[in-house]
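K.L.:
Just to be clear, the model below is a prediction. Sequence and coordinates:
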Amino acid sequence: MKRNPNEILVAISEEIARELLERLGENNVSSIFVTGSVAKGEAASYVAGESLEIYSDVDVAVVVDDAADLEACRRLARGVAAAHPRRTTAYRVFPTPDVGVFTLDDLRAQQARPGTVDIGRSHRVIFGSAQTPFEADARSNGGIAPEEALYLLEHRLLESREVVESGGVDAAGAPQARYAHYVTLKNCLDAVTALLIAVGEYAPSRDERMRLFRRGDIQGRLASLMPAGSRETIDDCEDQMRRLQSTLAAGDFTPERRQVDQLLLQLWKRIGDRIHGESGEWYEALRRRGGAGRARDNLRELMVIARRRSLSRLRVVVRSRAMARYSPLSMLRLTGVVEALVREMDDEAKDDRIEKHFLGAMDALTREFGFRDGPLFRRGRDMYRAVT
């Protein structure tokens, strides 16, 4: 029985690759390779009796020929990944595999951010050209834009809420509760990644990032960005992550998820204010990050989403006035930020403009594209995952 989480996730990747090659045709695929923590041999797991709980996701890149129908290939890949078994008597993999489908030009055009800047250094080819990951890795580690810190924090707040929505996170000793605490620790340490990116630093491994974070000259550059008590929270999370097996076995899950979400939220605001050289209200920060006022660009995004969802683009144009007020992709990506913010605001601090304008636009967008059931924030998360 395999007990190595990296080997298990590579085997799952190979099974997904075989099915995709069978359904797409080998002649239409130039390369399939694994990136991220699995390629680095750093998959996180917990030994629960005779079973292994695997907490890291597996990132699979599928590179198809230019002539392929990219959107159809992506829909197929999402379906294959979602349907693949992730639970046996020997192990349980919590996250759904993340399978991205690209042409080589698409892959090269990916923004420099954690997960893309080190593809050349950390990958494992499953099928096809071994050169493709190197061709895609045209970025330097120092080239990550400060805005990518915001992108990272936005995704971590989305992920935090998705784990809560999956259920079982508050049941003592439950597998889902252990996984939820792992996500909390990981998100806390990704706050360090965001801080480093904000001041022009980055390192591909977690240990390297923590060493950078503690370097004296960098500490001074980070001071104005870090809320009171955040350094202690980060130190605690790093210590627990290093002792993950004993941490989860003990079942004393502090810091709490909400405390880490608050840290991510405050960092998002402070880093955004620094990038734009101004400190304003939350509503203005959301408008700025949400692409308010860029109607032409926002309409173009709506057309892309309509094509991905096989909807009438003419109908979207006719009904675009409310939806094009913000960038639809940015607005959906901000779902986790806005949900955390609304949860933290008391009645005195509440800003009605956020609900009236920002959430009103999100409600119109999700309903128009067929996401009508359930609470608004869940609809926003579901639509974001479906169209990106």
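P.N.:
Structure's in. What do you need?
K.L.:
where along the stretch 1-150 of the chain do the helices fall?
P.N.:
Assigned by DSSP state H, counting those that start in this stretch, the stretch 1-150 of the chain shows helices spanning 5-24, 36-39, 70-83, 104-108, 132-136, 147-165.
K.L.:
For Leu329, which of these is the nearest?
P.N.:
The closest of these to Leu329 is helix 147-165. By Cβ to Cβ, the value is 10.9 Å. (Each C-beta comes from the backbone N, C-alpha and C, glycine too.)
K.L.:
helices or strands next to the closest one in the packing?
P.N.:
helix 175-198, helix 257-276, helix 328-333, helix 335-344, helix 376-387 (3 or more Cβ pairs under 8 Å, 6 or more residues apart in numbering; DSSP states H and E).
K.L.:
Could you rerun that using 7 Å?
P.N.:
Under the contact definition 3 or more Cβ pairs under 7 Å, 6 or more residues apart in numbering; DSSP states H and E, helix 147-165 sits against helix 175-198, helix 257-276, helix 335-344, helix 376-387.
K.L.:
Need the winner for burial among the helices of the stretch 1-150 of the chain.
P.N.:
Highest mean neighbour count of the helices of the stretch 1-150 of the chain: helix 36-39, a mean of 24 (counted as mean count of other Cβ atoms under 10 Å).
K.L.:
before we move on, the earlier item: nearest to Glu50, out of the helices of the stretch 1-150 of the chain?
P.N.:
The nearest among these, by Cβ to Cβ, is helix 5-24 at 14.5 Å.
K.L.:
Tell me which of the helices and strands packed on helix 147-165 lies nearest to Met323.
P.N.:
helix 376-387 (11.8 Å).
K.L.:
what angle separates the closest one from helix 335-344?
P.N.:
170 degrees (axes from the mean of the first three to the mean of the last three Cα atoms, to 10 degrees).
K.L.:
show me where pLDDT drops low in the stretch 51-200 of the chain?
P.N.:
137-142 (pLDDT under 70).
K.L.:
Am I right that Glu148 is in contact with Gly200?
P.N.:
No: look at Glu148 against Gly200 with Cβ atoms under 7 Å: they stay out of range, at 11.2 Å.
K.L.:
got the contact list for Gly290?
P.N.:
Listed by Cβ atoms under 7 Å, 6 or more residues apart in numbering, the contact set of Gly290 reads Tyr326, Ser327, Ser330, Met331, Leu334, Phe358.
K.L.:
now with 10 Å?
P.N.:
Shown in contact with Gly290 (Cβ atoms under 10 Å, 6 or more residues apart in numbering): 298, 325-334, 337-338, 357-358, 361-362.
K.L.:
For beta bridges, what are the partners of Leu52?
P.N.:
Judged by DSSP bridges, the bridge partners of Leu52 are Val47, Tyr91.
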